[in-house]
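A.B. asks: Pasted the sequence and its predicted model underneath.
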Amino acid sequence: MKNDLVLRVVGKLLIPFILLFALYVQFHGDFGPGGGFQAGVIFAAGIVFYALVFGLDNARKLMPDRLVETMLASGVLLYAGVGVAGLFLGGNFLDYFVLDHDPIHGQHRGIFWVEVGVAVTVCGVMLKIFYMFASRGRDGRDGHSIDEELR
Amino acid sequence: MIAHFSYIITVFLLVAGLYIVIARGNLIKKLIGLSIFQTSVYLLYIAPGKLLGGTAPILAQQYGVYSNPLPHVLILTAIVVGIAVLALGLALAVRIREAYGSIEEDEIIAMDQQAEDAQPGAADR
Amino acid sequence: MALLVVVLALTRNLFAAVVLSGIYSFLMATVLVALDAVDVAMTEAAVGAGVSTVLLLGALHLCKSEETKPTHRPWLPLSVSIATAGLLIYGSLGLPDFADPQAPIHQHVTPRYLQNEVEVPNVVTAVLASFRGYDTLGETTVVFTAGAGIIALLRRRRHGKHDGDADEK
């Protein structure tokens, strides 16, 4: 699909805004609709759009496999890490009010990091699933990604 | 009866999803039916939380009545689990396709039956 | 939406079924906005109409995209479905009316959540991340497990060709 002019131009215009919107939804999850899941899925959808228009190999250069797999695991670790930090600082597991001198700010900090962890994991999982489906040849052999078949 | 119309629509969607799962033989069609089933359950949870004259549960100065946020939280989790199920089901369907050459339920059972008749225990390999 | 689902059940072209399921997710997101569930609508639109459609199309590309064949008479599943529908509607007659302010769902825990102890305006995020943070930890683990399961199922062998039958991994 790299040779289709309309798709390329629209893709170049839209993809930065999609990624920016994903970050907006993530950080404004406290004040409007949004939060971790939505942000992760929208970010992954932006990268999937890029992969569909410009080819899976270009998307793999942008987000390599190791990075995606690391994102998968590190989100859950971050979430559990916030919980354990609550343990070390004197409260129970997943207590947020001990994370700062002021309980309200502790809650804000805890919620922020927890949402980041959730978004990272969800984005990693969606991208990994897409990579797995898109790079498998029809017979299960190596090679022959979707865009090669369509060319 | 009019006051319960949301439940009637939910039950219709639920049963339609159930019908697709049990009556169609194609594995991908079954998975689509399963996702329709799950979506109707979301509706089942969220419809009772709505208050007429209320607004979305985002606290602001000028609103007094809010719709119930508790079902929203549960359904957010349910949606994400739903796609996890769909993705795993599709991966299994792809593997079945590679193993048997078909994703029709009847053909797969017939192939297993043939392998079982030809050599007992062969279908378990 | 009911009409859409009936057409989806009857159609035999799998590509049309996938597109119809995407449209269904969009309509469901619209209905959810009408029911004041804005977070859920955003998630349903992104997940159901975005990622889910892409995954279905990917799987459809990997399997053949031919139509399904009606083999058996659909009378038994149809009667089972209609009987289930009757039972469920009979059971739902005891549930509270639509938008009833005195329903039990609004009585016990929700007023406390809405009092906003954590000073975060979006109550759904506050409940999800703070009041019920344990559930969200479990759900993140579920998502991670799904990703790990997909990797285990669809990983290719590095050496040589795949035989095409279900060997061990």
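C.D. replies: Yep, it's here. Residues are numbered from 1 along each chain as shown, chains lettered A, B, ... in the order given.
A.B. asks: can we go C-alpha only for contacts and neighbour counts from here?
C.D. replies: Noted.
A.B. asks: residue contacts, C:Met28?
C.D. replies: Under the criterion of Cα atoms under 8 Å, 6 or more residues apart in numbering or on different chains, the contact partners of C:Met28 comprise B:39, C:1, C:41, C:44.
A.B. asks: One more pass at 7 Å, please.
C.D. replies: Contact analysis of C:Met28 by Cα atoms under 7 Å, 6 or more residues apart in numbering or on different chains lists nothing.
A.B. asks: Tell me how far it lies from B:Gln114.
C.D. replies: C:Met28 sits 44 Å away from B:Gln114, taking Cα to Cα, to the nearest Å as the criterion.
A.B. asks: same question, C:Ala9
C.D. replies: Per Cα to Cα, C:Ala9 is found 30 Å from B:Gln114.
A.B. asks: Run through the neighbouring helices and strands of the longest helix seen in chain B.
C.D. replies: As assigned by DSSP state H, the longest helix anywhere in chain B is helix B:70-100. For helix B:70-100, the packing partners by 3 or more Cα pairs under 7 Å, 6 or more residues apart in numbering or on different chains; DSSP states H and E come out as helix B:27-46, helix C:38-46, helix C:52-62, helix C:133-154.
A.B. asks: now the longest one, how far from the centre of its chain.
C.D. replies: In other words, helix C:133-154. For helix C:133-154, the gap between its own C-alpha mean and the chain's C-alpha mean amounts to 16 Å (Cα atoms, centre = their mean, to the nearest Å).
A.B. asks: Over to stretch C:33-45?
C.D. replies: Taking Cα atoms, centre = their mean, one finds stretch C:33-45 lying 13 Å from the centre of the chain it belongs to.
A.B. asks: that older thread, list the buried residues of the longest helix of chain B.
C.D. replies: Buried positions in helix B:70-100, judged by neighbour count with 16 or more other Cα atoms under 10 Å in any protein chain shown: B:70-100.
A.B. asks: before we move on, the earlier item: can you tell which of the helices and strands packed on helix B:70-100 is closest to A:Gly86?
C.D. replies: Taking Cα to Cα as the criterion, helix C:133-154 is the member of these that comes nearest to A:Gly86, at 12.7 Å.
A.B. asks: Whether that closest one contacts chain A - can you check?
C.D. replies: Yes. Helix C:133-154 lies within reach of chain A by Cα under 7 Å from any Cα of the partner chain, at C:137, C:140-141, C:143-144, C:147, C:150, C:154.
A.B. asks: how about that helix as PDB, C-alpha atoms only?
C.D. replies: Extracted C-alpha coordinates of helix C:133-154, given in PDB (Å, rounded to 0.1, in the frame of the first residue of the first chain):
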ATOM      1  CA  GLY C 133      -6.700  -0.900  42.400                       C
ATOM      2  CA  TYR C 134      -6.400  -4.600  43.200                       C
ATOM      3  CA  ASP C 135      -8.800  -5.500  40.500                       C
ATOM      4  CA  THR C 136      -6.900  -3.400  38.000                       C
ATOM      5  CA  LEU C 137      -3.700  -5.200  38.900                       C
ATOM      6  CA  GLY C 138      -5.400  -8.500  38.200                       C
ATOM      7  CA  GLU C 139      -6.700  -7.300  34.900                       C
ATOM      8  CA  THR C 140      -3.300  -6.000  33.800                       C
ATOM      9  CA  THR C 141      -1.900  -9.500  34.600                       C
ATOM     10  CA  VAL C 142      -4.700 -11.000  32.500                       C
ATOM     11  CA  VAL C 143      -3.700  -8.800  29.500                       C
ATOM     12  CA  PHE C 144      -0.100  -9.800  30.000                       C
ATOM     13  CA  THR C 145      -1.000 -13.400  30.100                       C
ATOM     14  CA  ALA C 146      -3.000 -13.100  26.900                       C
ATOM     15  CA  GLY C 147       0.000 -11.600  25.200                       C
ATOM     16  CA  ALA C 148       2.300 -14.400  26.600                       C
ATOM     17  CA  GLY C 149      -0.200 -17.000  25.400                       C
ATOM     18  CA  ILE C 150      -0.300 -15.500  21.900                       C
ATOM     19  CA  ILE C 151       3.400 -15.600  21.800                       C
ATOM     20  CA  ALA C 152       3.500 -19.200  22.900                       C
ATOM     21  CA  LEU C 153       0.800 -20.200  20.300                       C
ATOM     22  CA  LEU C 154       2.000 -18.400  17.300                       C
END
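A.B. asks: what's in contact with it?
C.D. replies: Contacts made with helix C:133-154 from outside it, assessed by Cα under 7 Å, 6+ apart, are listed as A:72, A:76, A:79, A:118, A:121-122, A:125, A:129, A:132, B:77, B:81, B:84, B:88, B:91, C:128-129.
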